[in-house]
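Colleague: Sequence first, then the predicted structure, then my questions.
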Amino acid sequence: MGYPGIWMTESESMVYRVVPKCACSTIGQIMYYSDHGSFYDGDIHDAETGLHKWAIEASQDPITRNVQGHNSYNFTCVRNPYGRILSSFFDKICGIQRNGKRYRGNLVPMLIANYGIEVGGDDGKETFDQIRSFRRFLLFVRDTIKWRKPMDPDIHWSAVSGHVSTFIVNGGTYDNIFWMEKFEDGMGQVLKSVEVPNAIDLAAMPRFNESEGHGPKRAHPVEDYFDDLSMHLIYEIYKRDFDLFKYDFENPADKLPTGQIDLDEVHAKLGD
């Protein structure tokens, strides 16, 4: 199976397991800068040079050799399931993507027809009932994850633990898993643990939120989108994320973790 979703600096200073909707654009740009002294001009997901990626065939041998020998510092970043699924909805479902089209072609028309959601019109800028549409989107997410219908789950709303696990199952070992909600602390720990050609000031650097501006602004606090049924669905889908990464399921308003991530527990439970 290899190492899908793995990025590695060309200097092999660090190895990162990409998790969609968990600051991956910013992390990729930090990795790029650490080798080259400048940020990639564009969306880092489009970069085909300057960074090893598993999706680039020429990168697969160096990544495999590095991971199997645990020659570099291996890390990833996780996010509260409540905030992550909301971000996926506003970016991927309501938003117009950077190619000027809707995400995944006929996905949004199918959701409108079969689940009765609204997305803010053709440009995503019209006013609509965000809460009602998001809750209907959650039913669709549950259907894709539990029954793989009407499609397989998308990487942007499949569980974080599923992304994290592929690296472990295929022989990788994480040195650090940190929270997006405490990004500067977590990424700071990574950078203190490695030697890089170009130092970077996390407090002064720009944030690369490639999804920002794609869709409508969230009109309500996070907790307003989740009634009792929605919380039940979220727990059914993301129980392992809440448990392993120490997020508070009981309070959608509390985005911060409630305890420390136990790397031994993560490796044991996701390595099966």
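Modeller: Alright, I've got the coordinates.
Colleague: Spatially nearest residue to residue 176 (excluding sequence neighbours)?
Modeller: In this structure, residue 176 finds its nearest non-sequential neighbour in residue 75, 4.2 Å apart by C-beta to C-beta, 6 or more residues apart in numbering. Quick note: C-beta positions are derived from backbone N, CA and C, even for glycine.
Colleague: Is the residue lying farthest from the centre of the chain in a helix, a strand, or coil?
Modeller: Farthest-out residue of the chain from its mean C-alpha position, per C-alpha atoms, centre = their mean: residue 113, at 27.5 Å. Classification of residue 113 by DSSP: H, G, I helix; E, B strand; the rest coil places it in helix.
Colleague: got the contact list for residue 168?
Modeller: Counting by C-beta atoms under 8 Å, 6 or more residues apart in numbering, residue 168 touches 174, 266, 267, 270, 271.
Colleague: rewinding a little: specify the local secondary structure of the residue nearest to residue 176.
Modeller: Following three-state DSSP, we place residue 75 in the strand state.
Colleague: Residue 41 now?
Modeller: Under three-state DSSP, the three-state class of residue 41 is coil.
Colleague: How much space separates it from residue 32?
Modeller: Remark: distance between residue 41 and residue 32 (C-beta to C-beta, to the nearest Å) = 10 Å.
Colleague: Please say which of the two ends up with more neighbours.
Modeller: Using other C-beta atoms under 10 Å as the criterion, residue 41 and residue 32 rank with residue 32 on top: 22 against 7.
Colleague: contacting residues for that one?
Modeller: With C-beta under 8 Å, 6+ apart, residue 32 has these contacts: 9, 39, 40, 44, 47, 50, 51.
Colleague: give me the element it is part of.
Modeller: helix 24-36 (DSSP states H and E).
Colleague: Near residue 99, how many other residues are there?
Modeller: Residue 99 has 7 nearby residues by other C-beta under 10 Å.
Colleague: got it, and the one 10 residues further on?
Modeller: With neighbours defined by other C-beta under 10 Å, the count for residue 109 comes to 11.
Colleague: Per-residue pLDDT of it, please?
Modeller: The model reports residue 109 with a pLDDT of 95.
Colleague: now do residue 213
Modeller: 63.
Colleague: same question, residue 145
Modeller: Residue 145 is assigned a pLDDT of 93 by the prediction.
Colleague: For the nearest residue to it once chain neighbours are set aside, grab the count of nearby residues.
Modeller: Nearest residue to residue 145, sequence neighbours excluded (C-beta to C-beta, 6+ apart): residue 153, at 4.7 Å. Residue 153 has 17 neighbours, counted by other C-beta under 10 Å.
Colleague: Just read off the phi/psi values of residue 153.
Modeller: Dihedral angles of residue 153 (phi, psi; degrees, to the nearest 10) stand at phi -60, psi 140.
Colleague: Who are the contact partners of it?
Modeller: By C-beta under 8 Å, 6+ apart, the contact set of residue 153 is 141, 144, 145.
Colleague: How much space separates it from residue 85?
Modeller: 12 Å.
Colleague: How about residue 44?
Modeller: For residue 44, the distance to residue 85 - C-beta to C-beta - is 23 Å.
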